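A.B. asks: Turn this into a model:
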Amino acid sequence: MSHFTKIQTSAQQQAAAAPEFASILIVDDQRFDRKRLKNMCQSFSFNTHVAEADSLAEMRDKLKKDRFDLVLLDYHLADGTGIEGVDCIRADSVNSTAAVVMITGTEQKDVAIQALKSGFSDYLTKDELSEESLARTAITALQKSQLSRGMQISTSQRNTMHASLQSFSRECAQDIKPIVSRMMRQMRELREIENISPQDATSRIQRVEGSLRRLWAFLDDLDQLAAQGGPTGPSVSGQRGSSATSINMRVPSERPLKSPTKAKPPSIFRRRPD
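C.D. replies: As a prediction, this is how the structure comes out:
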């Protein structure tokens, strides 16, 4: 037979892990139990704001109005069960990552297992409720919630960065294609260099050199952009079609020499050596 063993933490560990503030929602259809839980929550070592609901319907109204860090949810309610309640919480866009602790009147292991599988952070029976046990459970549940919220934010940031890099790559491709296309035309013109005048040949070579300088300037701008923080920094090119801000128009024909005393950080756009 399997047994549940709760991890006990010392008072010092609890104090170190406790948050500075927590907004708590107590959901229980018994007024006496709500009052008891509220008194315990107000005795926590950290500041709390406590709200109450006596049914799932009232809980839904509270969730629409406020954001809660912790929900103490009774299993048996007049209009449903705690399992239905945690589903509502996890479906709420604002409170989906809130810590949810089941408070049950009977110590049934199958109910506890179902609760943990359904999204509860932890569970407590009303017989084992005390200021110490509730505080310990609340702090642990809040830590789990904070970790879950941090993981969601990290995933969102990665998705945002990926989308930004994709957009940045498309912008770079649109800017570099005209330069390469012009260079291809100019290189084809050089095939006739033996049949044209020296002045015309010199002019064609200068046009190729100008295109190469523009390409170099574009890559140099990417290099500087990488040093400033990547695609979230200043845009490589301006609005599409704007002659005043286009990379091909604003790059000078001659690139000024860089000061040799200021070393530039390696570019993320440069190919790594094999």
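
A.B. asks: From here on, just use CA atoms for contacts and neighbour counts.
C.D. replies: Will do.

A.B. asks: can you tell me how far the closest residue to Thr81 other than its chain neighbours sits from Ile26?
C.D. replies: Taking Cα to Cα, 6 or more residues apart in numbering, and ignoring the residues beside it in sequence, Thr81 has Tyr75 as its nearest neighbour in space, at 5.2 Å. Counting by Cα to Cα, to the nearest Å, the separation of Tyr75 from Ile26 is 12 Å.

A.B. asks: re the thing from before, now do the contacts for the residue nearest to Thr81.
C.D. replies: Counting by Cα atoms under 8 Å, 6 or more residues apart in numbering, Tyr75 makes contact with 81-83, 102-105.

A.B. asks: For PyMOL, what selects the buried ones among those residues?
C.D. replies: This is the PyMOL syntax for the buried subset of the contacts of Tyr75, where burial follows 16 or more other Cα atoms under 10 Å:
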select buried, resi 82+83+102+103+104
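
A.B. asks: what stretches of the protein score poorly on pLDDT?
C.D. replies: In the predicted model, the chain carries pLDDT under 70 at residues 1-17, 107, 148-160, 162, 164-165, 168, 226, 228-274.

A.B. asks: Recalculate using a threshold of 80.
C.D. replies: Low-confidence segments of the chain, defined by pLDDT under 80, are located at 1-18, 105-112, 116, 145, 147-177, 179, 192-193, 218-274.

A.B. asks: now the helices: where do they sit in it?
C.D. replies: Remark: helices assigned in the chain by DSSP state H are 11-17, 31-42, 56-65, 82-91, 109-118, 131-189, 198-227, 247-250.

A.B. asks: Report the separation between the closest residue to Arg31 other than its chain neighbours and Ile193.
C.D. replies: Leaving aside its chain neighbours, Arg31 sits nearest to Asp54 (7.7 Å; criterion: Cα to Cα, 6+ apart). In this structure, Asp54 and Ile193 are separated by 90 Å, where distance is defined by Cα to Cα.

A.B. asks: Who has more neighbours out of the two?
C.D. replies: Legend: neighbour count by other Cα atoms under 10 Å for Asp54 and Ile193, higher for Asp54 (18 against 15).

A.B. asks: before we move on, the earlier item: how about the contacts made by the residue nearest to Arg31?
C.D. replies: For Asp54, the contacting residues are 27-31, 77, taking Cα under 8 Å, 6+ apart as the criterion.
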